[in-house]
Structures are given as structure tokens and as C-alpha cells.
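Trainee: quick one, structure for this:
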Amino acid sequence: MAKHLIITGVVQGVGYRASFERQAAGLGLRGWVRNRRDGSVEALVDGDALALDSLISWAHQGPPAARVAGVAIKEAQACSENGFSVLPTV
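Mentor: All right, here's what the predicted structure looks like:
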């Protein structure tokens with residue numbers, strides 16, 4: 001099961017990507033996370049449905065300094081990544 005997420009709000013410069021990566025890796029999920037030039041954070045996450053639900057739940061809060069306004073979620077194609085990584089900004 002794979003999901004594409006766009007997280008909006010105050011989510012850059014607050015450790016969101018690093019925290020997201022730790023959460024995803026800790027749940028055994030595969031994929032990536034990156035900042036976008038529009039100020040949002042984008043992620044592609046693949047793995048167990050319960051783990052994905054847990055990460056999505058966390059994404060609505062993020063790390064303590066984040067102020068998440070919204071999390072847009074779409075179905076996605078399975079990810080070919082091994083593990084989880086932080087990608088450069090696009």
C-alpha cells in the first residue's frame with residue numbers, strides 16, 4: 001500500500017522532514033520525504049496499512065515546532081525504495 005502526501009502549514013525549518021524520516025523508518029516504511037519550494041513538504045510512503053495509518057496520524061501533528069494546516073493524501077504506485085530517505089527540495 002502506498003500513499004503520496006502533501007503537508008502544508010509551518011512545516012519547513014522546524015525539523016519536519018527529519019522527524020518524518022525517523023517516524024517512517026521506525027515503522028518499517030519505505031519511501032522519501034522532501035521540501036517543496038512552495039513551503040509544503042511532500043512524501044511518498046509505502047508499506048503496511050497499519051503503519052501507514054500511524055504515520056499519517058503523526059503527520060497531522062508533526063514535531064513540536066510544526067504547525068500543520070493540512071495533509072492531502074492520494075493513492076500512489078508502490079515505491080521501489082529500500083528504506084526511507086530525505087530528498088533535495090523541488
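
Trainee: in the lowest-mean-pLDDT helix or strand in the chain, what counts as buried?
Mentor: The weakest-scoring helix or strand in the chain, judged by mean pLDDT, DSSP states H and E, is strand 84-86 (a mean of 94). Neighbour-count burial for strand 84-86 flags residue 84 (criterion: 16 or more other Cβ atoms under 10 Å). (Glycine included, C-beta is placed from N, CA and C.)

Trainee: what lines up beside it in the sheet?
Mentor: Next to strand 84-86 in the sheet, as set by DSSP bridges, lie strand 30-35 (parallel).

Trainee: any figure for the gap between residue 10 and residue 66?
Mentor: According to Cβ to Cβ, to the nearest Å, residue 10 and residue 66 sit 6 Å apart.

Trainee: between those two, which one's more packed in?
Mentor: Neighbour tally, residue 10 and residue 66, criterion other Cβ atoms under 10 Å: the higher count belongs to residue 66, 22 against 14.

Trainee: got the contact list for that one?
Mentor: 9-11, 14-16 (Cβ atoms under 8 Å, 6 or more residues apart in numbering).

Trainee: how about it: what's its closest non-neighbour residue?
Mentor: Closest residue to residue 66 apart from its sequence neighbours, by Cβ to Cβ, 6 or more residues apart in numbering: residue 14 at 4.8 Å.

Trainee: residues near the one you found, how many?
Mentor: Around residue 14 there are 17 residues (other Cβ under 10 Å).

Trainee: again, but for residue 24
Mentor: 27.

Trainee: mean confidence for the helix or strand that contains it?
Mentor: Residue 24 is part of helix 16-26, with elements assigned from DSSP states H and E. Averaged over helix 16-26, pLDDT sits at 97.

Trainee: and it, what's buried?
Mentor: 16-17, 19-21, 23-24.

Trainee: name the helices or strands packed onto that helix?
Mentor: Where contact means 3 or more Cβ pairs under 8 Å, 6 or more residues apart in numbering; DSSP states H and E, helix 16-26 is packed against strand 30-35, strand 41-46, helix 49-59, strand 84-86.

Trainee: alright, that wraps it up for me.
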